[in-house]
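**Q** With the sequence up front, the predicted model follows.
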Amino acid sequence: MSSLAAIALLILTALLEVATPTLRSRRLPARRPDDGAQLRLRRRFATESRRARRAAWLLRITLLAALVACVFFAATEIRMTLALIVVAGLALLTALAGGGALRRPGMLSRLAAATMLWLLAPYFLLLPSARKGQAAARRDPDETIADIADALASESAERQLMVEALLDLERRSVEDVMVPRSEIEGIDISADWDDIVALLKRTQHTRMPLFDGDLQRVLGIVHMRLVANEIAAGRLTRERLGEIAGQRETLFTPEGTTLHAQLLRFRRLRRRIAFVVDEYGDVRGLVTLEDILEEVVGEFTTQPAMPRLDFSARPDGSYVVPGGVTLRAVNRALELSLPTDGPRTLSGLIVEHLEAIPEPGVRLTLGGHTIEVLQVADNAVRTARILPSPAGGDG
């Protein structure tokens, strides 16, 4: 009797794993026309997917406890054999579920979900409703990075690639994706007014920082839609431009902030741009919501090219790259393998390797790639050329 019960419990556990993709979706199957109460329950499952996932975990724990009880209360002569069957069955289910073999959306998943729905219902109804905690959910985001990664793990190969990027958000900081200070394109309110208007009319950006003489004196972020309305109405003045920038307080974030934390902060404050500052309050760079999202889903081809990605290809296969560009951007755009465990920018990597400010024309080999310094200004490499194949030694 214990053997049959254990086998039945293993089958239910397998059905629960098969049903997982459908239970996570917002479209649950209907086996046949049901009464109003059953229909309402199905709709609640679909609209409160997080609550349904918690109910599924409680059911897993119950099934596991029942399996342990079957082994414990089995006759002495079959207890060891039954324990081996249970352990082998659970190991096989774990391997199949981890590899995605059991968690593939389809007809089988929908049929399994239609069956498991009723076993999950008692747990689901006992758990607190998400509607009761909506205020708290706004303060504490509903899903963590781990939740999202778990939900994507059973999806297509393309989405599984996003799982690694999502988990990587907790290990990387804003310095890895920020626009370096030297590459920030902004509006100097103390500049000639005609030059400011010309810049506002030709820019491709939807938002630009406004500063007074230097980025250390940031006045705010200017939204081009508001500026365009003022220009069309003939009301745009230097004072009005400052008012537009000052409508919202400028957002600053300390260096070392993880991308996950910054993404949640953007979401909580409903903002898109923040200045990265060091421990002394000096501006190091600028990070945007799009910069973080691109780390997960790839480059947005509809966005205007940023200066740090403006790599000029030469006929010989080499590339001229701004020194202030981040190493991760270089590696991603040119498919290189420059080391990223030290300095963040190409200029910083060159200077650290040479332990001095280089002269134009110096060549060195980094990460198996030959780099030639082209321009140097303000104690930093302004532009460098990355050759198409390894050559030479260090400069």
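**A** Thanks, I have it.
**Q** Can you identify each of the strands in the stretch 251-395 of the chain by residue range?
**A** For the stretch 251-395 of the chain, the strands defined by DSSP state E, counting those that start in this stretch occupy 252-254, 273-277, 283-288, 312-313, 319-322, 363-366, 369-377, 380-386.
**Q** Other residues contacting the third one?
**A** The set of residues that contact strand 283-288 without belonging to it, under Cβ atoms under 8 Å, 6 or more residues apart in numbering, is 174-175, 177-181, 184, 209, 215-216, 218, 253, 255, 262, 272-278. Yep, even glycine has a C-beta here, placed from its N, CA and C like the rest.
**Q** how far off strand 273-277 does it point, in degrees?
**A** Here the directions of strand 283-288 and strand 273-277 differ by 150 degrees (axes from the mean of the first three to the mean of the last three Cα atoms, to 10 degrees).
**Q** Which residue is most remote from the mean position of the chain?
**A** The centre of the chain is farthest from one residue, residue 77, which by Cα atoms, centre = their mean lies 53.8 Å away.
**Q** so that residue, which of the three states?
**A** Of the three states, residue 77 takes helix under DSSP: H, G, I helix; E, B strand; the rest coil.
**Q** quick one: the helices in the stretch 101-250 of the chain?
**A** Along the stretch 101-250 of the chain, the stretches classed as helices by DSSP state H, counting those that start in this stretch are 107-126, 134-139, 145-152, 157-168, 193-202, 224-233, 238-245.
**Q** which strands and helices sit next to the last one?
**A** Packing partners of helix 238-245 (3 or more Cβ pairs under 8 Å, 6 or more residues apart in numbering; DSSP states H and E): helix 193-202, strand 207-212, strand 214-223, helix 224-233.
**Q** if we compare the ones you listed, which one ends up closest to residue 372?
**A** Nearest to residue 372 among the helices and strands packed on helix 238-245 is strand 214-223 (29.8 Å), distances taken as Cβ to Cβ.
**Q** Select from the helices of the stretch 101-250 of the chain the stretch with the lowest mean pLDDT.
**A** Among the helices of the stretch 101-250 of the chain, helix 134-139 carries the lowest mean pLDDT, a mean of 42.
**Q** Now mean pLDDT, distance to residue 70 and mean neighbour count too, for the strands of the stretch 251-395 of the chain, in JSON lines please.
**A** Shown next, in JSON lines, are the strands of the stretch 251-395 of the chain (pLDDT from 0 to 100; distance: least, Cβ to Cβ, whole Å; neighbours: other Cβ atoms under 10 Å):
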{"stretch": "strand 252-254", "mean pLDDT": "92", "distance to residue 70": "54", "mean neighbour count": "15"}
{"stretch": "strand 273-277", "mean pLDDT": "92", "distance to residue 70": "56", "mean neighbour count": "20"}
{"stretch": "strand 283-288", "mean pLDDT": "90", "distance to residue 70": "54", "mean neighbour count": "22"}
{"stretch": "strand 312-313", "mean pLDDT": "74", "distance to residue 70": "67", "mean neighbour count": "10"}
{"stretch": "strand 319-322", "mean pLDDT": "87", "distance to residue 70": "65", "mean neighbour count": "20"}
{"stretch": "strand 363-366", "mean pLDDT": "89", "distance to residue 70": "61", "mean neighbour count": "18"}
{"stretch": "strand 369-377", "mean pLDDT": "88", "distance to residue 70": "61", "mean neighbour count": "19"}
{"stretch": "strand 380-386", "mean pLDDT": "88", "distance to residue 70": "64", "mean neighbour count": "21"}
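**Q** Output these as CSV; include the columns distance to residue 297.
**A** Formatted as CSV, the strands of the stretch 251-395 of the chain follow (distance: least, Cβ to Cβ, whole Å):
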stretch, distance to residue 297
strand 252-254, 22
strand 273-277, 19
strand 283-288, 14
strand 312-313, 25
strand 319-322, 24
strand 363-366, 29
strand 369-377, 27
strand 380-386, 26
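**Q** Those strands: which one's closest to residue 348?
**A** strand 380-386 (8.2 Å).
**Q** So what does residue 236 have for phi and psi?
**A** Per-residue torsions, residue 236: phi -80, psi 120 (degrees, to the nearest 10).
**Q** Please work out how many residues are found near the residue nearest to it when sequence neighbours are not counted.
**A** Among residues not flanking residue 236 along the chain, residue 230 sits closest, at 4.0 Å (Cβ to Cβ, 6 or more residues apart in numbering). By the criterion of other Cβ atoms under 10 Å, residue 230 has 16 neighbours.
**Q** looking at the strands of the stretch 251-395 of the chain, which is closest to residue 167?
**A** Closest of the strands of the stretch 251-395 of the chain to residue 167 is strand 283-288, at 19.4 Å (criterion: Cβ to Cβ).
**Q** From the chain's centroid, how far away is the closest one?
**A** With Cα atoms, centre = their mean, to the nearest Å as the basis, strand 283-288 stands 18 Å off its chain's centre.
**Q** Enumerate every residue touching the closest residue to residue 313 other than its chain neighbours.
**A** Closest residue to residue 313 apart from its sequence neighbours, by Cβ to Cβ, 6+ apart: residue 319 at 5.7 Å. Counting by Cβ under 8 Å, 6+ apart, residue 319 makes contact with 311-313, 334, 385-386.
**Q** okay, those in JSON lines with distance to residue 376 next?
**A** Output for the contacts of residue 319, formatted as JSON lines (distance: Cβ to Cβ, whole Å):
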{"residue": "311", "distance to residue 376": "19"}
{"residue": "312", "distance to residue 376": "18"}
{"residue": "313", "distance to residue 376": "22"}
{"residue": "334", "distance to residue 376": "22"}
{"residue": "385", "distance to residue 376": "13"}
{"residue": "386", "distance to residue 376": "16"}
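**Q** Appreciated, that's everything.
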